[in-house]
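# for reference, the sequence and a predicted model appear below.
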Amino acid sequence: MSARILVVDDDPMVAEVVARYLERDGHVVECVGDGAEALRRALSNPPDLMVLDLMLPKMDGLQVCRKLRERWPVPVIMLTALGEEMDRVVGLETGADDYVTKPFSPRELALRVQSVLRRARGAALPTGTGVLRDGDLTVDVGAHEVRFRDDEIMLTAREFDLLAHLMRNPRQAFSRSALLNQVWGWSFGDSSTVTVHVRRLREKIEPDPTVPRRIVTVWGVGYRYEPLVEP
């Protein structure tokens, strides 16, 4: 699964290491040292995936990700020294598909690139063509469409996968690591990824996201889908 990848980092040594590992996997890699140039290149010729540092000259990585996502659904992996939980949450809220902190394992980064590419190319889409219903919420898996109170709502690919997985397994509690494995296909990763996606889903499908009734928290475990309407 080769791809064209844009690596954006103002540290030439880091960019070179990342590029070398990705090229070993057969990818074509281009390296850029500042945010403004990265955005210009990505918009003029969108890559298959971007590995993006946050602290960049001319335009920071969050701005690059936000502006890029307004135009193209290019998968983004943030690679940064900002490792606090809030930094990760902000990065994921901005639209990043994954968040890797420095110092990092180049081999692990390469595996995460493969995982995000597989998902972006549809290899991990939910299978089947069924329709999942729970009162005023309908998920058409085949059409990849979600309706809430008769209105179509827009979900990212990961949000869709997560919602479909939970609805297919009503009243079953999942840990965050189990959801990372079963929905993302990752055997490693930051569980705050799941937390952020659950919060996004609640804002879109819950009558009151501050008091969730469908995707409920199971303290000490993770999350469970609680149908509002019994089948």
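Arrived safely.
# so where is the chain shaky, pLDDT-wise?
Scanning the chain for pLDDT under 70 picks out 1, 83, 85, 121-129, 186-190, 230-231.
# now the strands for it?
4-8, 28-32, 49-52, 76-80, 98-101, 131-134, 137-140, 145-148, 151-153, 174-175, 215-218, 222-225 (DSSP state E).
# what's the closest non-adjacent residue to Thr80?
Excluding the flanking residues, the one nearest Thr80 by Cβ to Cβ, 6 or more residues apart in numbering is Leu54, at 4.0 Å. Backbone N, C-alpha and C define where each C-beta goes, glycine included.
# tell me how many other residues crowd that neighbour.
Neighbour count for Leu54, taken as other Cβ atoms under 10 Å: 24.
# residues touching it, list them.
By Cβ atoms under 8 Å, 6 or more residues apart in numbering, Leu54 lies in contact with 60-62, 78, 80, 82, 87, 91.
# show me the helices in the chain, by range?
Here the chain has its helices, by DSSP state H, at 12-24, 35-44, 61-71, 85-94, 106-120, 157-168, 176-179, 192-205.
# same list (those helices) but as JSON lines, adding distance to Arg149.
Putting the helices of the chain into JSON lines (distance: least, Cβ to Cβ, whole Å) gives the following:
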{"stretch": "helix 12-24", "distance to Arg149": "44"}
{"stretch": "helix 35-44", "distance to Arg149": "35"}
{"stretch": "helix 61-71", "distance to Arg149": "26"}
{"stretch": "helix 85-94", "distance to Arg149": "24"}
{"stretch": "helix 106-120", "distance to Arg149": "29"}
{"stretch": "helix 157-168", "distance to Arg149": "15"}
{"stretch": "helix 176-179", "distance to Arg149": "26"}
{"stretch": "helix 192-205", "distance to Arg149": "10"}
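# Arg119 and Thr156 touch, don't they?
No - counting by Cβ atoms under 8 Å, Arg119 sits too far from Thr156 to count as a contact (10.6 Å).
# wait, which of the strands of the chain is closest to Val183?
Proximity of those to Val183 was assessed by Cβ to Cβ; the nearest stretch is strand 174-175, lying at 8.9 Å.
# what strands flank that closest one, and is each parallel or antiparallel?
Looking at strand 174-175 with DSSP bridges, its partner strands are strand 222-225 (antiparallel).
# so between Arg119 and Thr156, which is more surrounded?
Using other Cβ under 10 Å as the criterion, Arg119 and Thr156 rank with Arg119 on top: 21 against 15.
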